[in-house]
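In: Sequence below, structure please.
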Amino acid sequence: MTSLFALHCGHHNSNGTYIKDGQIVFYTESERISKQKYDCDPRPIISHLANYTQHVEEVLVTHCKDENIILQYMAQAGVTCDRIAK
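Out: Below you'll find the model as predicted:
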């Protein structure tokens with residue numbers, strides 16, 4: 001069983017995809033959750049991830065200056081990970 005959470009922290013919009021055992025479980029964008037156009041805050045996506053799992057094996061982060069802040073957001077949401085890649 002493998003799990004991957006890919007998170008893009010873009011300038012105009014953040015989005016995330018949770019993949020488990022090679023199947024996409026969900027894909028969403030921050031603005032779809034927050035209802036704010038061009039929402040680049042990744043926290044709504046991470047909170048959404050917590051609805052599906054409390055642990056992922058690997059987190060892949062793009063366009064984020066400091067991946068440690070993502071780990072903090074994940075901890076606040078109650079989600080852990082084994083590895084984080086940039």
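In: neighbours around residue 19, how many?
Out: Residues lying near residue 19 (other CB atoms under 10 Å) number 18. For glycine as for every other residue, the C-beta is placed from the backbone atoms N, C-alpha and C.
In: In a strand, it, correct?
Out: Yes. Counting by DSSP: H, G, I helix; E, B strand; the rest coil, residue 19 is located in a strand.
In: what's near enough to touch it?
Out: Shown in contact with residue 19 (CB atoms under 8 Å, 6 or more residues apart in numbering): 3-6, 25.
In: Considering those residues, which possesses the most neighbours?
Out: If you count neighbours using other CB under 10 Å, the busiest of those is residue 5, which has 27 neighbours.
In: what helix or strand does it sit in?
Out: strand 3-9 (DSSP states H and E).
In: Ok, residue 38 next?
Out: Judged by DSSP H and E, residue 38 forms part of no helix or strand.
In: sorry, back to before: a markdown table for the contacts of residue 19, including pLDDT?
Out: What follows is the contacts of residue 19, written out as a markdown table (pLDDT from 0 to 100):
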| residue | pLDDT |
| --- | --- |
| 3 | 97 |
| 4 | 97 |
| 5 | 98 |
| 6 | 97 |
| 25 | 97 |
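In: Dump these to JSON lines, plus distance to residue 38.
Out: Below are the contacts of residue 19 laid out as JSON lines (distance: CB to CB, whole Å):
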{"residue": "3", "distance to residue 38": "29"}
{"residue": "4", "distance to residue 38": "26"}
{"residue": "5", "distance to residue 38": "22"}
{"residue": "6", "distance to residue 38": "20"}
{"residue": "25", "distance to residue 38": "25"}
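In: And these, which is closest to residue 86?
Out: residue 6 (11.6 Å; CB to CB).
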